[in-house]
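**Student:** The following block contains a protein sequence and its predicted model.
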Amino acid sequence: MQSVTFDAVTKRYGDTLAIDGVSLAVAAGSFVALVGTSGSGKSTLLKTVNRLVLPDSGHVLIDGVDVAAGPAPALRRRIGYVFQSIGLFPHMTVAQNIAIGLRIAGVPEGGRVAELLDLVELPRDVAARMPDALSGGQRQRVGIARALAPGATLLLLDEALGALDPVTRDSLGNAIRALHDRLGLTTILVTHDMAEALLLADRVLVMQAGRIVADATPAELVRGGGGQAAQALVAVPRAQAELLGELTR
C-alpha cells in the first residue's frame, strides 16, 4: 500500500481554476472518496496522481516521492487506474487485455490471468472471449483486473461505476471494497454519488470550485457534519431513503 500527499496543488484551464491550492494526505491503506458536483475538480485532482494531468504549481507525492521525479510510464506501472469508459482493447481477448499490463511491467504472465479473473469473480472461461461479448459489469471487472495485474497497491477509480445499472453498480462497488480490504490497497474513488461514497469509503472529501470544503467520515456526514456543501450532497440519498420508507407505511 502507498500513501499519497497533495501539496498546494493548483491547476488552471485558461481562466478556469480547476484545482485551487489543494493540500491533503491520503494514508496508506485507506479508502477515500472524492465527491462533488460536475466541474468541482475531483477528476482533475485524481489525474494529477498518475500524471495524466500536470499541475501548474504544487506537488503530488507517493510515499514521499514526487510523482514528477521519474518517467511517467514507470510511475503508472505502480498505479491501477480504472475509468468510466473502461478502455478495453476491442481487438484483444479478455486474457490479452489483462496480460498487456503484465507485459508492459515486465511481469511473467504464468497463471496470473487466471488468478486475476478469480480475484474479480469472473469465470476463467471469460479469458477467451472478446470484450463486446461481455456485459458492462463484466467489462469493468476486466478493467479492474488489468489495473491490478502488475501488482499495483494504489488504485484510482475515476467514475468507474458511473455507466452501470444500479444493481451491477452496487454489486461491483461491494466487490471493489472487498478487494481493497483483501489486498491492502490504497484506494481513491471519484464519484458524484454521495450514497456510494458513504457506503464504500472510510473518508469522504467534498470538492467545490477546486477546493476541498469537507473532510469527514461517512458517520460524521450522516450525523450532519461536514458543512453546507457536504450536507447538500447527503440530502439526496437521505431524501430518497425517507421516500422509500414512506412506501412501506
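**Tutor:** Structure received. Residues are numbered from 1 along each chain as shown.
**Student:** use CA for all of it now, contacts and neighbours both
**Tutor:** OK.
**Student:** the domain parsing of this protein - what is it?
**Tutor:** 1-78+154-214, 88-152 (automatic domain parsing).
**Student:** Counting residues, name the longest helix you see in this structure.
**Tutor:** For the chain, the helix with the greatest residue count under DSSP state H is helix 228-247.
**Student:** For T168, list the residues it contacts.
**Tutor:** Applying C-alpha atoms under 8 Å, 6 or more residues apart in numbering, we find T168 in contact with G137.
**Student:** And for P55?
**Tutor:** V9, T10, K11, T48.
**Student:** what helix or strand does it sit in?
**Tutor:** Here P55, judged by DSSP states H and E, is contained in no helix and no strand.
**Student:** Can you verify L34 is assigned to a strand?
**Tutor:** Yes - counting by DSSP: H, G, I helix; E, B strand; the rest coil, one finds L34 located in a strand.
**Student:** start at 870 instead
**Tutor:** Yep, numbering from 870; the last one is L903 now.
**Student:** Could you give the number of residues near V1103?
**Tutor:** Neighbour count for V1103, taken as other C-alpha atoms under 10 Å: 22.
**Student:** That one touches E1065, doesn't it?
**Tutor:** No - under the criterion of C-alpha atoms under 8 Å, V1103 is not in contact with E1065, lying 10.7 Å apart.
**Student:** Please name the bridge partners of the most centrally placed residue in the chain.
**Tutor:** Nearest to the geometric centre of the chain sits L1026, at 1.6 Å (C-alpha atoms, centre = their mean). Counting by DSSP bridges, L1026 forms beta bridges with V951, L1058.
**Student:** Quick check: it vs F900, distance?
**Tutor:** Counting by C-alpha to C-alpha, to the nearest Å, the gap from L1026 to F900 is 11 Å.
**Student:** From the contacts of P924, which land in strands?
**Tutor:** V878, T879, K880 (DSSP state E).
**Student:** check contacts around the second one.
**Tutor:** The reference is to T879. L886, A887, I888, D889, G890, V891, P924, D925, S926, G927.
**Student:** swap in the last one?
**Tutor:** For K880, the contact set (C-alpha under 8 Å, 6+ apart) comprises L886, A887, I888, D889, L923, P924, D925, S926.
**Student:** try 10 Å this time
**Tutor:** K880 makes contact with 886-891, 910, 913-914, 917, 922-927, 1079, according to C-alpha atoms under 10 Å, 6 or more residues apart in numbering.
**Student:** quick one: L986 and R1008 touch, right?
**Tutor:** No - counting by C-alpha atoms under 10 Å, R1008 is not a contact partner of L986; they are 11.5 Å apart.
**Student:** what residues do those two have in common as contacts?
**Tutor:** With C-alpha under 10 Å, 6+ apart as the test, L986 and R1008 both reach V963, A1014.
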